[in-house]
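Participant: sequence plus predicted model, see below.
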Amino acid sequence: MEYRIVSRTARLCTVGIAAAVLTLLSLSTTHVVAAAPVPLAVRALSPLGSRVAVDPVGSYEWSLVMASMDNTPVSGTLTVTRKDSALAATLTSDHTDGELAANSVKLDGNRLTVVSNGDFGEFTVNIEFKDDSLDATFHFVAQDGSAADGPMTIKRTPK
């Protein structure tokens with residue numbers, strides 16, 4: 001039997017290269033298996049898609065139950081407009097007279113926050129735009145400091 005004389009350095013390099021190749025193969029196999037159910041285009045667009053804001057401009061009808069007012073139902077409208085790049089909104093309610101201009105309208109990704117102040121206190125509407133639906137909540141702080149919050153039903157009205 002013939003034995004070759006191989007230096008210790010050559011053996012260590014061979015072992016190191018073999019370990020690196022095995023590590024890369026195991027990582028790429030794990031990566032491919034983990035990523036296989038999600039198409040490449042979807043993976044590439046997902047982070048971008050979560051940052052793309054929706055266009056909230058339009059008219060909405062909303063309703064809620066105000067627990068702090070003996071479970072009184074309250075309903076109204078919300079109209080969101082855009083002038084240049086700034087959003088504005090007006091609210092109506094069956095418990096107020098006329099339209100009330102929003103003090104603040106902010107869009108953060110898929111979440112719209114509208115805040116209105118009046119002689120009644122502060123009323124905040126939060127709308128989460130989802131694929132085919134809207135989820136909304138409200139927060140109300142009365143002049144006397146009492147507060148109420150909860151879910152609200154909201155739907156976009158046709159143009």
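Facilitator: Done, it's in.

Participant: now stretch 81-99: average pLDDT?
Facilitator: Mean per-residue pLDDT for stretch 81-99: 92.

Participant: what's the span of it, first residue to last?
Facilitator: End-to-end distance of stretch 81-99 (CA to CA, to the nearest Å): 14 Å.

Participant: tell me which residues in that stretch are buried?
Facilitator: 87, 89-93, 96 (16 or more other CB atoms under 10 Å). In short, each C-beta sits where N, CA and C put it, glycine included.

Participant: got the contact list for that stretch?
Facilitator: 56-57, 74-80, 100-102, 105-107, 114, 116, 118, 120, 123, 125 (CB atoms under 8 Å, 6 or more residues apart in numbering).

Participant: how about 10 Å then?
Facilitator: With CB atoms under 10 Å, 6 or more residues apart in numbering as the test, stretch 81-99 has contacts from 55-64, 66, 69, 72-80, 100-107, 112-116, 118-120, 123, 125.

Participant: and what of stretch 124-133?
Facilitator: So stretch 124-133 is contacted by 53-56, 60, 62, 64, 76, 78, 80, 89, 91, 102-105, 107, 109-117, 134-141, 149, 152, 154-156 (CB under 10 Å, 6+ apart).

Participant: now the terminal residues of it, how far apart.
Facilitator: 20 Å.

Participant: and that stretch, what's buried?
Facilitator: Quick answer for stretch 124-133 (16+ other CB under 10 Å): 124-127, 129.

Participant: of those, closest to Gly145?
Facilitator: Thr124 (15.4 Å; CB to CB).

Participant: tell me how many other residues crowd Asp144.
Facilitator: 7 (other CB atoms under 10 Å).

Participant: you'd agree it is in a strand?
Facilitator: No - checked against DSSP: H, G, I helix; E, B strand; the rest coil, Asp144 lies outside a strand; its state is coil.
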